[in-house]
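[1] Okay, sequence plus prediction incoming.
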There are 2 protein chains.
Amino acid sequence: MVMATEALIERILAAGDGPSASAIDALHELLDETAIDDGAAPKSVAEAARLVGLSAHTLRYYEQEGLVRPARNASGYREYAAPDLRRLVFLTRMRLSGMTMTDLKRYIRLAEQGPGTIPERRRIMLDQQERIRRQIRELSLALETTEYKIRAYDGHP
Amino acid sequence: MVMATEALIERILAAGDGPSASAIDALHELLDETAIDDGAAPKSVAEAARLVGLSAHTLRYYEQEGLVRPARNASGYREYAAPDLRRLVFLTRMRLSGMTMTDLKRYIRLAEQGPGTIPERRRIMLDQQERIRRQIRELSLALETTEYKIRAYDGHP
DNA sequence: GCTTGCCTTCGAGCGCGCTCGAAGCTTTAG
DNA sequence: CTAAAGCTTCGAGCGCGCTCGAAGGCAAGC
């Protein structure tokens, strides 16, 4: 299963057209969350926003919703350290995959309650995984449809 | 490219867990739009809605937005014939793949203006195709993340 | 003839996830 | 010393795509 997925990703990435300029693509360099350097200086809200391709406004909103709790410096400015950034990457991926704010808030709340909530968190991830698979199936169908239309427009019978 | 995508779809579908009960899955039986029988009696709004997994309310809304124009019977009831149903399947797939109502309206308007608009329609489909590919890449990344979490929860080091 | 259920139009409402702007403090550059 | 850029909080607003409810017409079964 894991192998099938990795092969799939390879295929899709190979089928792409080189490095893209999309803000979202920043995440592609962060495939492994541990790629975020623990030793680096903490990031400001704008830097963190750039990292995950969201706006600073949105990051503040996420904090307000309890999804992330960056430390503050002496002036009250947010400081996103490595664990905060890793969490942001996680949050962004889950949001992009269609997980709702409600579910994400529930998940983070559980995560902050310690290991006792692991079974429930595991369940949430399994459900989300199923939703993602269904979405990929839907997208594949839509992709086929565009291919069909384009072929027709290009005069293929 | 087409081959790579089809191989991809096969993999994903093979990785699934058999027939699902999701309303959206109705579309999977309609992979080929020509699978809709031209000879069959036209469908009511509720039947058409069931076919594509939307609500009757939504179908009326689509009509109001000019996306589809079913005929009416003597009592003013909508009658979705085969071409209308095919269009509904197309619309639903495009919506599920994240195409906006605005773009879809533009596309349909062009389609109703005849073959002169084919270059522009082709362009729209190419853009949509690119968007779908990016989405699949994002979803693959999210899928990996869920797999990573689940493995961690299952105690894999 | 009456009930049941599906159909019609219309306009208003809504949930989600941001998104923005105002008013003010801090830091940096010149 | 000043200006510019970036940070803070707060509350309001918004765009999308439905979603719903009211008020009434039509068709079929008892």
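    Now that the structure is in, tell me what you want to look at.
[2] Please identify the residues of chain A in proximity to DNA strand C?
    Counting by C-beta under 7 Å from any atom of the strand, the residues of chain A close to DNA strand C are A:54-55, A:57-58, A:61, A:73-76, A:95, A:100-102. Placement of C-beta: from N, CA and C, glycine included.
[3] mind redoing it with 10 Å?
    Residues of chain A that fall close to DNA strand C, judged by C-beta under 10 Å from any atom of the strand: A:54-62, A:64-65, A:67, A:73-77, A:91-92, A:94-96, A:98-105.
[4] which element is A:E47 on?
    Of the helices and strands defined by DSSP states H and E, A:E47 is found in helix A:45-52.
[5] Tell me which residues of the helix or strand just after that helix come out buried.
    Under the assignment DSSP H and E, the closest C-terminal helix or strand after helix A:45-52 is helix A:56-64. For helix A:56-64, the buried set under the neighbour-count rule, 16 or more other C-beta atoms under 10 Å in any protein chain shown, comprises A:L59, A:Y62, A:E63.
[6] What angle do helix A:45-52 and helix A:56-64 make with each other?
    100 degrees (axes from the mean of the first three to the mean of the last three C-alpha atoms, to 10 degrees).
[7] Is helix A:56-64 in proximity to DNA strand D?
    Yes - if you take C-beta under 10 Å from any atom of the strand as the test, helix A:56-64 does meet DNA strand D, through A:A56, A:H57, A:L59, A:R60, A:Y61, A:E63, A:Q64.
[8] Columns pLDDT and distance to chain B on top of the buried residues of helix A:56-64, output as CSV?
    Written out in CSV, the entries for the buried residues of helix A:56-64 read as follows (pLDDT from 0 to 100; distance: C-beta to the nearest C-beta, whole Å):
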residue, pLDDT, distance to chain B
A:L59, 98, 19
A:Y62, 98, 17
A:E63, 98, 21
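[9] Same list (the residues you listed) but as JSON lines, adding distance to A:L143.
    Listed next are those as JSON lines, based on distance: C-beta to C-beta, whole Å:
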{"residue": "A:L59", "distance to A:L143": "32"}
{"residue": "A:Y62", "distance to A:L143": "31"}
{"residue": "A:E63", "distance to A:L143": "36"}
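[10] Can you tell me which of the residues of chain A next to DNA strand C are classed as buried?
    Restricting these to buried positions leaves A:L54, A:L59, A:Y62, A:L67, A:L91, A:T92, A:M94, A:R95, A:L96, A:G98, A:M99, A:L104, with burial counted as 16+ other C-beta under 10 Å.
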